[in-house]
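Participant: Return atomic coordinates for the entry below.
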Amino acid sequence: MIETLKQGLMITGIGMGLVFVMIFLLWGIMALLVWLTNPREKKAEETEVIEEATVDPALLDIPAHTSDDEDELQRLAAAIAVAYALKRPRPQSFATAPKLDQGSNWLSTGRAQQLLSRNRGRN
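Facilitator: Okay, the predicted model is just below:
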């Protein structure tokens, strides 16, 4: 009896050990494939240094902002936010009951049987 139990435990241990060895082996294979398929990063010496360019804002023909423009932009942003909020669908409440004319006879019969049965859930 004890020899049979020892043999069973040994077979169980070998089986579980093989499972974990295979998990680690598959993990290693996946890591190797990721390493082989990802593009290599270029060396730091190959990158070019980009110098910052300073440009006079007057040369770009950008109009200067006044406080009236800022107020108008804020009003426009608020109007867009309100329009977006009104357009979004409202969440359905659980308190509202579904319309009765949309159900099928099959579902109605099944629900009636559930309500009338003594056992709740499936039989």
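Participant: for this protein, which spans come out with low pLDDT?
Facilitator: Across the chain, the stretches falling below the confidence threshold (pLDDT under 70) are 42-67, 92-102, 119-123.
Participant: now the helices: where do they sit in the protein?
Facilitator: 2-37, 67-87, 105-116 (DSSP state H).
Participant: Mean neighbour count added to those, as CSV?
Facilitator: Quick note: C-beta positions are derived from backbone N, CA and C, even for glycine. CSV is the format used below for the helices of the chain (neighbours: other C-beta atoms under 10 Å):
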stretch, mean neighbour count
helix 2-37, 9
helix 67-87, 10
helix 105-116, 10
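Participant: State the distance from residue 13 to residue 111.
Facilitator: Distance check for residue 13 against residue 111: by C-beta to C-beta, to the nearest Å, it reads 52 Å.
Participant: same question, residue 30
Facilitator: Taking C-beta to C-beta as the measure, residue 30 falls 48 Å from residue 111.
Participant: Could you do residue 90 as well?
Facilitator: Distance from residue 90 to residue 111, by C-beta to C-beta: 27 Å.
Participant: Check the gap between residue 116 and residue 32 for me.
Facilitator: Counting by C-beta to C-beta, the separation of residue 116 from residue 32 is 62 Å.
Participant: Please apply the same query to residue 105.
Facilitator: 59 Å.
Participant: cool, and residue 117?
Facilitator: 58 Å.
Participant: go on, residue 113?
Facilitator: Distance from residue 113 to residue 32, counting by C-beta to C-beta: 58 Å.
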